[in-house]
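Asker: okay, predicted coordinates and the sequence, questions at the end:
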Number of protein chains: 2
Amino acid sequence: MAKKAIRIKDIAKAAGVSVGTVDRVLHNRGKVSEKAKKKVDAALQKNEYRPNLIARTLGSNKEYKIVAILPKHENDPYWAQVYKGILLSKHEWSHYGASISTYSFDLDRKSSFEEVSQKVLRSRPDGILMAPIFYNETLPFFEVIHKKGIPFALFNTNIIESKALSFIGQDLYQSGRVAAELLCIGQKEPGTFGVLHVDEDLEDSVHLLQKEKGFRDYLKEFYGDRSSIESLNRTSSSDFSFKKKLATLLNKTDLKGLFVSSSKGTETAASFLKSHGKNGIRMVGYDLLDKNIEYLDLGVIDFLIHQKPEQQAFEGVSCLANHLIFKKEVKPVNLFPLEVVTRQNLASYLVDQTEYHPNEFKNIIN
Amino acid sequence: MAKKAIRIKDIAKAAGVSVGTVDRVLHNRGKVSEKAKKKVDAALQKNEYRPNLIARTLGSNKEYKIVAILPKHENDPYWAQVYKGILLSKHEWSHYGASISTYSFDLDRKSSFEEVSQKVLRSRPDGILMAPIFYNETLPFFEVIHKKGIPFALFNTNIIESKALSFIGQDLYQSGRVAAELLCIGQKEPGTFGVLHVDEDLEDSVHLLQKEKGFRDYLKEFYGDRSSIESLNRTSSSDFSFKKKLATLLNKTDLKGLFVSSSKGTETAASFLKSHGKNGIRMVGYDLLDKNIEYLDLGVIDFLIHQKPEQQAFEGVSCLANHLIFKKEVKPVNLFPLEVVTRQNLASYLVDQTEYHPNEFKNIIN
DNA sequence: TTGAAAAATGTGTGCGCACACACTATATTT
DNA sequence: AAATATAGTGTGTGCGCACACATTTTTCAA
């Protein structure tokens, strides 16, 4: 009935050799004669051999050290979610030959990233997962680990020239387009739109610029040149000129909507709007942070684009683990859908999030 | 460094018994003295024993027969997606002791469901996955398999009184609310809204009624009694009165939006709208069927709520497999998020869909 | 108090694989 | 031709667990 799965033993019999030879062919290690290799390859082909990954991990009990490099997650709800994903994956993979450890750096101090990266190198990891927040600072680090042959995966932000094993995240340009689309629904008349970047060093933050680009492009397509866009950038929490500009923007009568480019910024902007009694303005932000959920419920925020930080981190670890342990070929790019959260579908996301269970076999080709 | 995972052997040593006794306690089979059980339980607790699921599947090489009961997927894009999920899961689990076979019935002929269910029983399955389309017809079947002790999982539609092992799907009431919300965005003035049910036997279709209920409730909350809702139900493709009523509805000047309750209906309604040149009316439908995607792109459809039929089916099989093979406790209800698809985030969903890779460890408690 | 039945516990094997090791056939050197 | 190197091959063990089976201990009736 259900044909049994083909084992190495079956291949050996079919090829008229021993399991040892098949093993050598499969992992091309040791010496194998041309003749034997051909026979084995033929048998593998013919029987469509697919290794039993479960038995594979049992057999070899290597320990792979995976390291995740993140911004500090204390007092930071976004990176706390990321960290939660890391913890989950730690739990998940602990049995199966992967140990995951986290190294944190300080978002305010670029030098701390370099310190941490040195520490990581000294720990001799087998794989590295990281969010390349500081574009300029991470590039040389990529060089080093690439030379050392340590596979690494990126999430959150993609850096194409990094030679990473895999990127896990979203299409940020398209994310900006989605934001613009959401602000335009049912608003045929053009007007002014605001883009807010909060507490980020814009020059070093490719990801935010990509979002803004997508946002602008969509508006242009939708309204032509008839709408104006004001981009504000808060450099620090004590940036008074930002506050003033924002207040001016909010008083414009033709203000159609606001787009905040980051999850933390969303919270900041929403609290500002609320305290200024400006609940009528449509607003799009990022992520299901507690505060953001609150403002969404209150009607201050209208849409949240869900970046799934927790899942990204989890997939990142899984990607490395699959590569190292199962020797699976992984997808070079793993794009998450751009999920739109509203007041009405919010609850369905929260259920899913708390009971989130990860996917061992994602990020794999075939 | 990384503390090794606790094995049964370790527990046995800690409790001062043999692995056999620990095994008996773990699976409560065979006889174990009170004293021994207490010692083992204490050791399990203290060492936080977690079985190595991988080794577990290797050890016992039982074959579990899982059966999926579905409407025929030929010439039906929705059920074709479901079937794709089944195939994926088949591939995924084939190595690990589960064989999945599909039995199809005819959506137009309720008696064919009963025929198929008889066939299924005769095949003596270890687990059953099904979409309870015909409410009244499935109830007695649930009775039978429940008595026989065959675990079964539902997807697509939940029937709470069914005593199913698990339900995989969405909150359909909330789904209707999301649809209404999407139609209301930026439309402060009340008007007329249409609800379209296409080609379904409404009396037997709890799922569609739940959606309509949610839809109506939201509109009431949003507009009070100032908006009117017209619910149309097409009973067959040759239902002319439906066409006439729909045409009348579309000509109403205060028509604000249309909500189609099923994925296939979405396609039908969209094609009707297009051929009548009514592109300006906001419309919400279901699922990423090829035709629906086309109409979304064209601007005829504005939003699709993604029911993830493929993933639902896959999770359904995984749920049963986890229950049978790994003896894991599975979640009684596994609600998917109500994902909103627009023109701008559509692409990000299509990527994810084609490369969809399933989650072995979802649907599990802890 | 003996002995069979029942209860409780221990032991051994195999799952499919990786990997170390032992072994054989052939080639190369002396 | 013997000694040695080396290419090529086969065998055996263990991973953590389930499960069948063997063994010991206890119970209780005759």
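Answerer: Structure's in. What do you need?
Asker: just the helices in chain A please.
Answerer: Ranges of helices in chain A, per DSSP state H, are A:8-15, A:19-26, A:34-47, A:53-59, A:77-93, A:110-122, A:135-147, A:172-184, A:206-223, A:240-251, A:263-275, A:290-298, A:309-324, A:346-354.
Asker: save these as TSV, and put in distance to DNA strand C and mean pLDDT too.
Answerer: Where you see a C-beta, it was placed from the backbone N, CA and C, and this is true even at glycine. Below are the helices of chain A laid out as TSV (distance: least, CB to the nearest atom of the strand, whole Å; pLDDT from 0 to 100):
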stretch	distance to DNA strand C	mean pLDDT
helix A:8-15	4	92
helix A:19-26	5	93
helix A:34-47	11	92
helix A:53-59	3	79
helix A:77-93	17	90
helix A:110-122	24	94
helix A:135-147	23	91
helix A:172-184	38	97
helix A:206-223	38	93
helix A:240-251	56	91
helix A:263-275	41	93
helix A:290-298	45	97
helix A:309-324	11	91
helix A:346-354	34	76
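Asker: residues in contact with residue A:288?
Answerer: Counting by CB atoms under 8 Å, 6 or more residues apart in numbering or on different chains, residue A:288 makes contact with A:304, A:306, A:341, A:346, A:349, A:350, A:353.
Asker: let's see if you can find the most crowded of those residues.
Answerer: Neighbour counts for the contacts of residue A:288 (other CB atoms under 10 Å in any protein chain shown) peak at residue A:304, which has 28 neighbours.
Asker: who's it bridged to?
Answerer: When bridges are called by DSSP bridges, residue A:304 pairs up with residue A:285, residue A:341.
Asker: what residues does the stretch 151-300 of chain A have near chain B?
Answerer: Residues of the stretch 151-300 of chain A lying near chain B by CB under 8 Å from any CB of the partner chain: A:170-171, A:174, A:177-178, A:180-182, A:185-187, A:218, A:282.
Asker: tell me the pLDDT at whatever residue of the stretch 151-300 of chain A ends up closest to DNA strand D?
Answerer: Going by CB to the nearest atom of the strand, DNA strand D is nearest to residue A:151 of the stretch 151-300 of chain A, at 24.7 Å. Looking at residue A:151, its pLDDT reads 94.
Asker: got phi/psi on it?
Answerer: Dihedral angles of residue A:151 (phi, psi; degrees, to the nearest 10) stand at phi -70, psi 140.
Asker: run through the residues that contact it.
Answerer: By CB under 8 Å, 6+ apart, residue A:151 lies in contact with A:126, A:127, A:128, A:165, A:320, A:323, A:324.
Asker: just the buried members of the residues of the stretch 151-300 of chain A next to chain B?
Answerer: The neighbour-count test (16 or more other CB atoms under 10 Å in any protein chain shown) marks A:170, A:171, A:174, A:177, A:178, A:180, A:181, A:182, A:185, A:187, A:218, A:282 as buried among these.
Asker: give me the number of residues near residue A:329?
Answerer: By the other CB under 10 Å criterion, the neighbourhood of residue A:329 contains 11 residues.
Asker: I'd like the distance between it and residue A:166.
Answerer: Distance, residue A:329 to residue A:166, using CB to CB, to the nearest Å: 10 Å.
Asker: also residue A:320?
Answerer: Residue A:320 is 8 Å from residue A:166, by CB to CB.
Asker: those two: who's more crowded?
Answerer: Remark: of residue A:320 and residue A:166, residue A:320 carries more neighbours, 30 against 23, as counted by other CB under 10 Å.
Asker: for that one, which non-adjacent residue is closest in space?
Answerer: Nearest non-adjacent residue to residue A:320, counting by CB to CB, 6 or more residues apart in numbering or on different chains: residue A:127, 3.9 Å away.
Asker: the one you found bridge partners, please.
Answerer: Residue A:127 has the following beta-bridge partners by DSSP bridges: residue A:66.
Asker: that one touches residue A:316, doesn't it?
Answerer: No - applying CB atoms under 8 Å as the test, residue A:127 and residue A:316 come out as separate, 9.8 Å apart.
Asker: name the residues contacting each of these two.
Answerer: Joint contacts of residue A:127 and residue A:316 (CB under 8 Å, 6+ apart) are residue A:153.
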